[in-house]
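coords please:
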Amino acid sequence: MALVSMTQMLQNARANKCAVGGFMIWNYDSAKAIAETAQKLGLPAIYIIGEGEAISMGGFENVARIAESVAKTVDVPIALHADHFRSYDAIVQAIVAGYSSVMIDASRFPIEENIRLTKEVVKVAHAAGVSVEAELGRLPGNEGDEDVTVEESFQTDPEEAAYFAEQTGIDALAVSIGTMHGAYPKSFKPEINIPRLIEIEQKVSIPLVMHGGSGTPQDKIAEAVNHGIAKINIATDLVTAAAKRIAEVQQAEDFRYNVNSTFQAGKEAICEVVEQRMRLLNQNILK
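Numbers count the residues shown, from 1 in each chain. Below is the predicted model:
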């Protein structure tokens, strides 16, 4: 089917205390692996890709064509989401290219400037039938070309979250509750602030988003899904699984290099991670 916005799938997920996986794509195989797994389980999926990664894949239009071609091979909803885009112009380019969902990340600014920029994006995106995610609070770690230290990070304030959602008209709100972008350092123990999430859930009616899903304790992910988290971003775990599996198969004495023997293993690893995460996020509805 054609690419869809993520609005309805996230609303359904929150109502059913489930979550949709936002899985990073970086080529055709990664997109295909995610779609095939979603089809197998009968669940929606969201492709996420940052601005830099999209450029490395040949630009926004090329990413959209890949996503569209794969989405047409399955009959479950697939959204293509511009993740952590930081400028209005880049978001407009993504919408024109065919992205069905966008995230404006103005979390580095004071809340009123964040609201102003987000409202501009909401206006143009909704006119095109495209869903909008925004972020309030800052996660530590690396996201694209930006590094945020633990000291620079701060968790989302529940009162501000309610005000922000009301003022902007966004479809989903990414919150900071203790996760980290990228891989957790060995010295960093994630402490997921479920009490704060519960406060946010009580004040904000739209679907909530957890960034930094890779490496986060799975019992905490399951608990967060029960308290309003309707989308969880997973990137590092996919890249790590694919890279490790490709390296592993090459260690066999009889290994012969060709496209299938080398890269099919990586695709299979992606499928395994996606299925495990989808089952975790949807354990309230999957038998």
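
list the helices and strands the longest strand along the chain packs on?
Assignment by DSSP state E gives strand 78-85 as the longest strand of the chain. In terms of contacts (3 or more Cβ pairs under 8 Å, 6 or more residues apart in numbering; DSSP states H and E), strand 78-85 is packed against strand 20-24, strand 45-50, helix 51-56, helix 60-71, helix 88-97, strand 101-104, strand 131-136. Any C-beta I mention is one placed from the backbone N, CA and C, and that applies to glycine too.

okay, these in a markdown table with distance to Ser261 next?
Below are these laid out as a markdown table (distance: least, Cβ to Cβ, whole Å):
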| stretch | distance to Ser261 |
| --- | --- |
| strand 20-24 | 24 |
| strand 45-50 | 26 |
| helix 51-56 | 25 |
| helix 60-71 | 23 |
| helix 88-97 | 34 |
| strand 101-104 | 35 |
| strand 131-136 | 39 |
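
How about the longest helix along the chain, which residues are buried there?
The single longest helix within the chain, with elements called by DSSP state H, is helix 259-281. Applying a neighbour-count criterion of 16 or more other Cβ atoms under 10 Å, one finds 263, 265-267, 269-271, 273-275, 277-278, 280-281 buried in helix 259-281.

For the helices and strands packed on strand 78-85, give me CSV that also has mean pLDDT and mean neighbour count.
Converted to CSV, those look like this (pLDDT from 0 to 100; neighbours: other Cβ atoms under 10 Å):
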stretch, mean pLDDT, mean neighbour count
strand 20-24, 97, 27
strand 45-50, 97, 26
helix 51-56, 94, 17
helix 60-71, 98, 20
helix 88-97, 98, 18
strand 101-104, 98, 28
strand 131-136, 96, 28
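
Figure out which of the ones you listed is closest to Gln167.
Among the helices and strands packed on strand 78-85, strand 131-136 comes nearest to Gln167, with 10.5 Å by Cβ to Cβ.

Mind giving me the packing neighbours of that closest one?
Strand 131-136 packs on strand 78-85, strand 101-104, helix 111-127, helix 158-168, strand 172-175, going by 3+ Cβ pairs under 8 Å, 6+ apart.

Next up, the contacts around Gly6.
Quick fix: residue 6 is Met, not Gly. Val20, Ile46, Ala79, His81, Ser100, Ser101, Ser131, Glu133, Asp171, Ala172, Lys231 (Cβ atoms under 8 Å, 6 or more residues apart in numbering).

actually Leu238, not the one I wrote
Phe23, Met24, Ser30, Ser214, Ile270, Val273, Val274.

Which residue in those residues has the weakest pLDDT?
Least confident entry in these, by pLDDT: Ser214, with 76.

And that one, how close does it get to Ile234?
6 Å (Cβ to Cβ, to the nearest Å).

Repeat that for Val175.
17 Å.

The closest residue to Gly212 other than its chain neighbours: neighbour count?
Spatial nearest neighbour of Gly212, chain neighbours left out: Thr179 (3.3 Å); criterion: Cβ to Cβ, 6 or more residues apart in numbering. Using other Cβ atoms under 10 Å, Thr179 has 26 other residues around it.
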